[in-house]
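S.K.: based on what follows, work out the 3D shape:
(one chain, ligands or ions: 1)
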Amino acid sequence: MSNKKVLISDKASGQQIELPVVRGTEGEPTLDIKGLPSGLGYFTYDPGFAATAACTSQITFIDGGKGILRYRGYPIEQLAERSTFVEVAYLLLNGELPTESKLNAFRDNVKYHTMVHEQLYTFISGFHYDAHPMAMMAGVVGSLAAFYHERFNVNDPEQRMLAAERMIAKMPTIAAACYRHHMGWPMVYPQNNLRFTERFLHMMFSMPSEEYEVSEVAARALDLLFILHADHEQNASTSTVRLVGSTGANPYACVAAGISALWGPAHGGANEAVLAMLAEIGDVSKVPEYIERAKDKNDPFRLMGFGHRVYKHYDPRATIIRAACYEVLDELGQDDPMMDLAMELERIALEDEYFIEKKLYPNVDFYSGIIYKALGIPVSMFTVMFAIARTVGWVSQWLEQCETPTKIGRPRQVYAGPTERRYRALHRRQ
Ligand code: SDX
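M.R.: Model (predicted):
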């Protein structure tokens, strides 16, 4: 908190009020507007919460103007280069980098919970084979509440951390099971002698009929992508998890709500939409046409993977992923024409006045699909990859909210409907 105040005065009534300024350790100053309705008789109006802080958090800091992203104070560039997804998960959950013994204990805890109740596989088999995996994920993760509900006490810190570790551990198992159901393949159980991303790739692609060797390149590339997608402060899906959590709902239900929010193409669904967009554009010669369409207010087409509510500069994750694209394609001996197309699309867009003026840059979703595709992950599973990683952010933010006194989230509205009127009998309506 700071002791600074801002004076708000209403010229019409002559009334005025001083609002406290709330400052964090970093970032823009905010006005505490709680006193505005009683002090001046006004509420505030901010559709999309573009100018509204919904909470105080110590987990992730973004400076959109400078393209800065830090998890618990550590720059994303350093974590991407030197850490692992499991270590980043520990950091986001606990606030500090682990000692070796704490990291090993956490890794063992996660491994211990990778299995799911056998009946979940029966649940998954009930979906039509071509159900979208994000629809399956939302349903199956939500159903975990049915398996762990009666004993769950949200006021018990140990049970909260157990639920958090269970979700981090089970998301890859459920994701792989959804994919294998879609492919008509037999389920593969988690192999706990493998590391997090190796275990996931083994569950996704191994076949009971033959040896499967996990590609070290693929495991490392996926670990990097999971680090970059792990958390991003109060984005739409995390805010959804917090809002659902503010009602005291079961944490599995909170994460299921987050999965549903993430699926939207304006949010995590954009990584799938980018590949569809690149496929539709097809050739570099058609890029100018699509750039013009993206600028046309009468055309619903948007440049998917471009723009961001907070970043008005390069998304630092996009920078890292773009460099990783080259390394992964080179190490896998692949040459993906979509990479050239994406680079040309970015080049032309960033030279265009519309994108420059509106500060629209590639975001985390613009290049990630190139790597997922190179690893053999189908486009329909791209947002599921995002969900596996973001589960760490969701449960970390949910834990933080549970640990601080929180009122139920309940925004107000500006009512624009009919004023009071009398009920009219049926025979008197025309
Ligand atoms: C993620 O919040 C997070 O942190 C999200 C995320 C995370 O890690 O959790 O970073 C992950 O969701 C990244 C974003 C993925 N979505 C996309 O790539 C979809 C395409 N992008 C847009 O839909 C849009 O940029 C948003 C949704 C990302 C941001 O929308 P905003 O903040 O509401 O901005 P806006 O729609 O008001 O855009 C401002 C202007 C508008 O023009 P004007 O009305 O001012 O004339 O820029 C235009 C928009 O029309 N614009 C675009 C555009 N994005 C914004 N024009 C063309 N193509 C685009 N992609």
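S.K.: for burial, what's the neighbour tally of E100?
M.R.: When counting by other C-beta atoms under 10 Å, one arrives at 7 neighbours for E100. Quick note: C-beta positions are derived from backbone N, CA and C, even for glycine.
S.K.: who touches it in this structure?
M.R.: By C-beta atoms under 8 Å, 6 or more residues apart in numbering, E100 lies in contact with nothing.
S.K.: do a quick rundown of the helices in the stretch 251-400 of the chain.
M.R.: Per DSSP state H, counting those that start in this stretch, the stretch 251-400 of the chain carries helices over the ranges 251-262, 270-281, 287-295, 316-331, 337-350, 353-357, 364-374, 382-403.
S.K.: got the angle for the last one vs helix 270-281?
M.R.: So that's helix 382-403. With axes from the mean of the first three to the mean of the last three C-alpha atoms, to 10 degrees applied, the angle from helix 382-403 to helix 270-281 works out at 160 degrees.
S.K.: helix 382-403 near the ligand anywhere?
M.R.: No - if you take C-beta under 6 Å from any ligand atom as the test, helix 382-403 misses the ligand, and the best it gets is 7.0 Å.
S.K.: for that helix, C-alpha coordinates in CSV please.
M.R.: What follows is helix 382-403, C-alpha atoms only, in CSV (Å, rounded to 0.1, in the frame of the first residue of the first chain):
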residue,chain,number,x,y,z
PHE,A,382,-2.4,-27.6,-29.3
THR,A,383,-4.7,-25.8,-26.7
VAL,A,384,-4.6,-29.0,-24.6
MET,A,385,-0.8,-28.5,-24.4
PHE,A,386,-1.4,-24.9,-23.3
ALA,A,387,-3.8,-26.3,-20.6
ILE,A,388,-1.3,-28.8,-19.3
ALA,A,389,1.2,-26.1,-18.7
ARG,A,390,-1.3,-23.4,-17.5
THR,A,391,-2.6,-25.8,-14.9
VAL,A,392,0.5,-24.9,-12.8
GLY,A,393,-0.5,-21.2,-13.0
TRP,A,394,-4.2,-21.9,-12.3
VAL,A,395,-3.5,-23.9,-9.2
SER,A,396,-0.8,-21.5,-8.0
GLN,A,397,-3.2,-18.6,-8.3
TRP,A,398,-6.0,-20.6,-6.8
LEU,A,399,-3.8,-21.5,-3.8
GLU,A,400,-2.7,-17.8,-3.4
GLN,A,401,-6.4,-16.8,-3.4
CYS,A,402,-7.3,-19.5,-0.8
GLU,A,403,-4.5,-18.2,1.4
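S.K.: in a markdown table: the helices of the stretch 251-400 of the chain, plus mean pLDDT, distance to F226 and mean neighbour count.
M.R.: Shown next, in a markdown table, are these (pLDDT from 0 to 100; distance: least, C-beta to C-beta, whole Å; neighbours: other C-beta atoms under 10 Å):
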| stretch | mean pLDDT | distance to F226 | mean neighbour count |
| --- | --- | --- | --- |
| helix 251-262 | 97 | 14 | 25 |
| helix 270-281 | 96 | 13 | 21 |
| helix 287-295 | 96 | 30 | 16 |
| helix 316-331 | 96 | 12 | 19 |
| helix 337-350 | 94 | 21 | 18 |
| helix 353-357 | 96 | 29 | 12 |
| helix 364-374 | 95 | 11 | 25 |
| helix 382-403 | 98 | 4 | 25 |
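S.K.: quick one, which of these gets closest to G307.
M.R.: helix 353-357 (8.6 Å; C-beta to C-beta).
S.K.: report all helices and strands that that closest one contacts.
M.R.: Packing contacts for helix 353-357, counted by 3 or more C-beta pairs under 8 Å, 6 or more residues apart in numbering; DSSP states H and E, involve no helix or strand.
S.K.: gap between the residue lying closest to P288 once chain neighbours are set aside and F301?
M.R.: Distance criterion C-beta to C-beta, 6 or more residues apart in numbering; nearest residue to P288, sequence neighbours excluded, is I348 at 6.6 Å. Distance, I348 to F301, by C-beta to C-beta, to the nearest Å: 15 Å.
S.K.: circling back to that earlier point, my guess is the residue nearest to P288 meets I291, correct?
M.R.: Yes - in terms of C-beta atoms under 8 Å, I348 counts as a neighbour of I291; the distance is 5.7 Å.
S.K.: quick one: contacts for the residue of the stretch 301-430 of the chain at minimum distance from the ligand?
M.R.: Minimum separation of the stretch 301-430 of the chain from the ligand (C-beta to the nearest ligand atom) falls at G307, amounting to 2.3 Å. By C-beta under 8 Å, 6+ apart, the contact set of G307 is 358, 360-361, 363.
S.K.: also H132?
M.R.: S380.
S.K.: tell me the pLDDT at it?
M.R.: Confidence at H132, expressed as pLDDT, is 96.
S.K.: check M1 too.
M.R.: With respect to pLDDT, M1 has a value of 57.
S.K.: go on, T406?
M.R.: Residue-level pLDDT assigned to T406 equals 87.
S.K.: pull the CA atoms of stretch 25-41 into PDB?
M.R.: The C-alpha trace of stretch 25-41 is given here as PDB (Å, rounded to 0.1, in the frame of the first residue of the first chain):
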ATOM      1  CA  THR A  25       6.400  -3.800  -5.600                       C
ATOM      2  CA  GLU A  26       6.300  -3.300  -9.400                       C
ATOM      3  CA  GLY A  27       3.800  -2.000 -12.000                       C
ATOM      4  CA  GLU A  28       1.400   0.800 -12.400                       C
ATOM      5  CA  PRO A  29      -0.200   2.500  -9.400                       C
ATOM      6  CA  THR A  30      -3.900   1.600  -8.900                       C
ATOM      7  CA  LEU A  31      -6.800   3.500  -7.200                       C
ATOM      8  CA  ASP A  32      -8.600   1.700  -4.500                       C
ATOM      9  CA  ILE A  33     -12.200   2.500  -5.500                       C
ATOM     10  CA  LYS A  34     -14.000   0.600  -2.800                       C
ATOM     11  CA  GLY A  35     -15.100   3.800  -1.200                       C
ATOM     12  CA  LEU A  36     -16.500   5.400  -4.400                       C
ATOM     13  CA  PRO A  37     -20.100   4.200  -4.200                       C
ATOM     14  CA  SER A  38     -20.600   5.300  -0.500                       C
ATOM     15  CA  GLY A  39     -18.400   8.400  -0.800                       C
ATOM     16  CA  LEU A  40     -19.500   9.800  -4.100                       C
ATOM     17  CA  GLY A  41     -22.400   7.600  -5.200                       C
END
